[in-house]
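Peer 1: Quick one: sequence plus predicted model below, questions after.
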Amino acid sequence: MTLLTLAEAHLAYGHRALLDGASLALQDGERVALIGRNGEGKSSLLRVLAGLEAPDDGELQLATGVGPARAYVAQEPAFAPGQSIFDAVAEGVGEASALRERFERLTHEHAPAAELDALHTLVDAHGGWTWEQRVHETLQRLALPAEASVAELSGGLRKRVALARALVAAPHVLLLDEPTNHLDIDAIEWLQELLVRRRGALVFVSHDRAFIDAVATRIVELDRGRLRSHPGRFAEYEAAKARELEAEALASARADKLLAQEEAWVRQGVEARRTRSVGRVARLERLRRQRAERREQLGRVRLAADAGLPSGRIVAELDAVTMRFGDKLLIDRFSATLLRGDKVGLIGPNGCGKTTLLRLILGELEPTAGRVRRGTRLSVAYFDQLRAALDLDATLADTISPGSEWIELGTGGGTGKATRKHVMSYLGDFLFAPERASSPVRTLSGGERNRLLLARLFALPANVLVLDEPTNDLDIDTLELLEQLLQDHEGTVFLVSHDRRFLDNVVTSTIAWDGDPAFGGRPGLWREYEGGYEVWKEQRERARVAAAPMPAVAAARAPAQAPREAAAAPGAAARVKLSYKEQRELEALPARIEALETEQREIALQLADPAFYAREAQRAGELSRRHAEIEDELMGCLERWEALQPRAR
């Protein structure tokens with residue numbers, strides 16, 4: 001069933017078109033990830049889908065008779081001053097509450113029976129008799145204290161309250177703008193499970209690639225005002241996107257060549273014969289218009305950071321460091337040696353002490369107990385400090401280089417020689433057009449502000465980069481370039497992030513809070529691991545199994561003989577030959593895999609056409625589900641092939 005259809009939508013702010021004939025059909029049960037460059041208009045599109053903003057042209061249709069239709073959660077949710085969590089979440093059932101209140105008032109006033117009967121039916125339809133129970137159940141499910149004040153909550157908990165407010169309305173279409181911002185890793189994984197289990201349709205804006213892979217059934221990209229659909233996982237989208245851009249580049253090159261040929265022909269014809277072919281001149285004018293109207297693919301951000309003069313070999317050495325604030329123990333006897341060139345990720349829930357540990361390492365705090373020895377020649381650039389100092393009324397140029405048209409870029413890679421670059425050129429490296437240099441910072445989107453902050457950060461010579469949640473609001477292209485920059489950076493990097501894939505791609509070691517008793521932890525326990533998030537997650541799961549009571553461990557295991565069989569398995573698997581049935585199965589698997597991949601490619605081609613969703617909505621939903629089924633079947637076939645192939649040798 002098609003719940004929502006957007007057809008040929010146009011939306012512009014000033015001279016720039018955010019939507020340029022955009023079309024989208026949303027099926028019941030779909031979970032669509034909306035991606036695109038910063039400033040492309042993703043949040044505006046989400047507001048259009050939510051009915052909070054009207055397109056300049058085009059049509060938005062919502063299915064009728066499906067109950068509460070839409071609920072929208074903004075990037076930075078707003079709440080009334082002084083609200084409790086219960087009151088804030090109850091806004092999601094405001095209509096049901098108002099209907100019941102009106103019914104009770106009219107009953108007290110002895111209104112006509114016909115009016116009361118009609119109102120009673122409306123209260124029933126909106127679940128008005130049990131709205132308090134629905135609110136309490138939602139608060140319990142999301143682990144939110146009903147009486148706490150929203151104003152006192154962290155950014156992550158405020159986002160959770162906004163999500164509860166949307167969920168309690170039981171909408172058929174849930175619209176989320178950057179839902180993982182301000183959430184820690186445990187909360188992100190909790191949200192993943194919640195959204196996958198939830199019934200109805202979902203559209204969410206996100207640049208968290210691991211979150212997209214875990215939740216989305218379809219990826220829709222907003223690119224130069226148009227929507228392009230890609231079924232499947234993020235890796236499949238990247239491959240399809242690369243093919244599309246290559247084909248687009250070839251088509252543009254052919255069009256440019258034809259335009260040049262027509263220009264040359266007309267000029268030569270006029271000089272040689274003093275007559276004009278009206279048809280050819282009209283063709284030339286048409287080609288010129290098409291060239292002028294073409295919206296080119298934006299360039300890529302050019303990131304470069306100067307590591308400055310090298311620091312000493314040891315950046316910091318922590319020996320049994322303990323940190324307390326009153327009765328709260330944040331760090332308990334933590335020891336580590338951090339060397340020049342290390343890329344260190346810090347992982348832990350909000351409020352566990354990540355920022356405190358960073359400040360201890362960098363010398364901004366002294367420990368309650370233990371010793372911290374810091375290295376020499378440390379030059380620190382702190383992303384979070386820059387974010388706090390951002391002046392929304394300053395222009396982009398003044399933010400990068402106050403009072404000057406030129407910017408000094410570091411020390412030339414440690415050579416002691418600085419390089420100068422015009423501020424317009426430097427802003428261009430970060431995809432800011434020259435005409436925007438004099439615009440105030442407040443006109444930028446969230447992602448563009450973060451991109452500006454990175455531009456300011458990388459203009460500073462520093463051999464220690466401290467990045468506190470740098471990935472919030474950054475588009476995927478910029479994320480991938482930032483990953484490459486940090487990997488190649490010659491200095492030391494400290495990275496606080498809840499983007500799991502970003503951590504895995506950048507860090508060489510991880511300092512993680514392991515204080516959860518469920519995983520064998522204690523208050524203030526921090527450990528250092530080689531590798532990134534996935535390594536830490538695997539180690540933590542082992543700790544959980546080890547910390548579990550013996551009956552639970554025994555129940556989780558296979559029958560009594562399993563440990564002995566498991567010990568013998570590596571050698572036995574190589575020695576046991578395939579049965580006749582397994583041999584036939586192995587021989588058939590390559591053809592089966594090839595057939596599934598062919599079917600998947602054919603479905604992907606159909607689903608990549610936005611018009612297909614409007615033309616054959618029901619068929620689109622069936623194909624989308626089949627595409628997901630094929631992915632599971634392929635994984636099963638590949639796993640089976642991996643299990644059988646070694647025994648056939």
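Peer 2: Looks like it came in fine.

Peer 1: give me the low-pLDDT residue ranges for the stretch 201-350 of the chain?
Peer 2: Across the stretch 201-350 of the chain, the ranges flagged by pLDDT under 70 are 241-311.

Peer 1: Where do the helices of it begin and end?
Peer 2: Taking DSSP state H, counting those that start in this stretch as the criterion, the stretch 201-350 of the chain carries its helices at 209-215, 234-273, 278-293.

Peer 1: and the shortest one, what other elements does it pack with?
Peer 2: Packing contacts for helix 209-215, counted by 3 or more C-beta pairs under 8 Å, 6 or more residues apart in numbering; DSSP states H and E, involve strand 31-35, helix 185-197, helix 234-273, helix 500-506. Heads up, the C-betas are built off the backbone N, CA and C, glycines and all.

Peer 1: Please repeat the previous calculation with a cut-off of 7 Å.
Peer 2: Secondary-structure packing of helix 209-215 (3 or more C-beta pairs under 7 Å, 6 or more residues apart in numbering; DSSP states H and E): helix 185-197, helix 234-273, helix 500-506.

Peer 1: which other residues reach it?
Peer 2: 31, 33, 180, 188, 192, 195-196, 206, 219, 233-234, 476, 500-501 (C-beta atoms under 7 Å, 6 or more residues apart in numbering).

Peer 1: Give the buried subset of the residues you listed as a PyMOL selection command.
Peer 2: Command for PyMOL that selects the buried part of the contacts of helix 209-215, burial taken from 16 or more other C-beta atoms under 10 Å:
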select buried, resi 31+33+180+188+192+195+206+219+233+234+476+500+501
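
Peer 1: any chance of the contacts of helix 209-215 in a markdown table, plus distance to Ala151?
Peer 2: What follows is the contacts of helix 209-215, written out as a markdown table (distance: C-beta to C-beta, whole Å):
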| residue | distance to Ala151 |
| --- | --- |
| Arg31 | 32 |
| Ala33 | 32 |
| Thr180 | 23 |
| Ile188 | 24 |
| Gln192 | 28 |
| Leu195 | 27 |
| Val196 | 32 |
| Ser206 | 27 |
| Ile219 | 37 |
| Arg233 | 40 |
| Phe234 | 37 |
| Ile476 | 34 |
| Arg500 | 31 |
| Arg501 | 34 |
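
Peer 1: Which of the contacts of helix 209-215 lies at the shortest distance from Glu585?
Peer 2: Glu585 lies nearest to Arg233 out of the contacts of helix 209-215, by C-beta to C-beta, at 26.5 Å.

Peer 1: what number of residues lie near the closest residue to that closest one other than its chain neighbours?
Peer 2: For Arg233, the nearest residue in space outside its immediate sequence neighbours is Asp213; the separation is 5.3 Å by C-beta to C-beta, 6 or more residues apart in numbering. Counted with other C-beta atoms under 10 Å, residues neighbouring Asp213 total 17.

Peer 1: What separation do you get for Asp213 and Ala33?
Peer 2: Look at Asp213 and Ala33: by C-beta to C-beta, to the nearest Å, they are 9 Å apart.

Peer 1: Gln192 now?
Peer 2: The value you get for Gln192 to Ala33, if C-beta to C-beta is used, is 12 Å.

Peer 1: Ser97 belongs to a helix, doesn't it?
Peer 2: Yes - Ser97 sits within a helix when classified using DSSP: H, G, I helix; E, B strand; the rest coil.

Peer 1: check contacts around it.
Peer 2: Contacts of Ser97 (C-beta under 7 Å, 6+ apart): 90, 128, 131.

Peer 1: now the helix or strand hosting the last one and helix 185-197, what's the angle there?
Peer 2: Taking DSSP states H and E as the definition, Trp131 sits inside helix 131-141. Between the direction of helix 131-141 and that of helix 185-197, the angle (axes from the mean of the first three to the mean of the last three C-alpha atoms, to 10 degrees) works out to 130 degrees.

Peer 1: which other residues reach the helix or strand in which Tyr72 is found?
Peer 2: Here Tyr72 sits within strand 70-73, counting by DSSP H and E. Residues external to strand 70-73 that are found in contact with it (C-beta under 7 Å, 6+ apart): 50-52, 162-163, 166, 169, 171, 173-177, 179.

Peer 1: partners of it in the sheet?
Peer 2: Sheet pairing for strand 70-73, assigned by DSSP bridges, gives strand 173-177 (parallel).

Peer 1: Run the angle between the partner strand and strand 31-35 for me.
Peer 2: Going by the same axes, to 10 degrees, strand 173-177 makes 30 degrees with strand 31-35.

Peer 1: Tell me how many other residues surround Gln487.
Peer 2: Gln487, neighbours per other C-beta under 10 Å, totals 13.

Peer 1: next one: the one 4 residues further on
Peer 2: Per other C-beta under 10 Å, the neighbour tally for Gly491 reads 27.

Peer 1: average pLDDT across stretch 119-138?
Peer 2: For stretch 119-138, mean pLDDT rounds to 86.

Peer 1: ditto for stretch 514-532
Peer 2: 87.

Peer 1: Could you list the low-confidence segments of the stretch 451-600 of the chain?
Peer 2: 547-577, 580.

Peer 1: can you map out the strands along it?
Peer 2: In the stretch 451-600 of the chain, the strands defined using DSSP state E, counting those that start in this stretch lie at 464-468, 492-496, 509-513, 526-530.

Peer 1: Repeat that for the stretch 301-450 of the chain.
Peer 2: Using DSSP E, counting those that start in this stretch, strands in the stretch 301-450 of the chain cover 314-325, 328-339, 343-347, 369-374, 380-382, 406-409, 419-422.

Peer 1: Could I get the contacting residues of Ala88?
Peer 2: Going by C-beta under 7 Å, 6+ apart, Ala88 touches 79, 150, 161, 165.

Peer 1: Recalculate using a threshold of 8 Å.
Peer 2: 79-80, 150, 161, 165 (C-beta atoms under 8 Å, 6 or more residues apart in numbering).

Peer 1: buried subset of the residues you listed?
Peer 2: 79, 150, 161, 165.

Peer 1: For Lys159, see how far away the second one is.
Peer 2: Distance, Val150 to Lys159, using C-beta to C-beta: 11 Å.

Peer 1: Next: the last one.
Peer 2: In this structure, Arg165 and Lys159 are separated by 11 Å, where distance is defined by C-beta to C-beta.

Peer 1: shared neighbours, the two?
Peer 2: 73, 77.

Peer 1: which one is Gly232 nearest to, not counting chain neighbours?
Peer 2: Going by C-beta to C-beta, 6+ apart, Gly232 has His627 as its nearest residue, at 6.2 Å.

Peer 1: so what's that neighbour scoring on pLDDT?
Peer 2: pLDDT, His627: 83.
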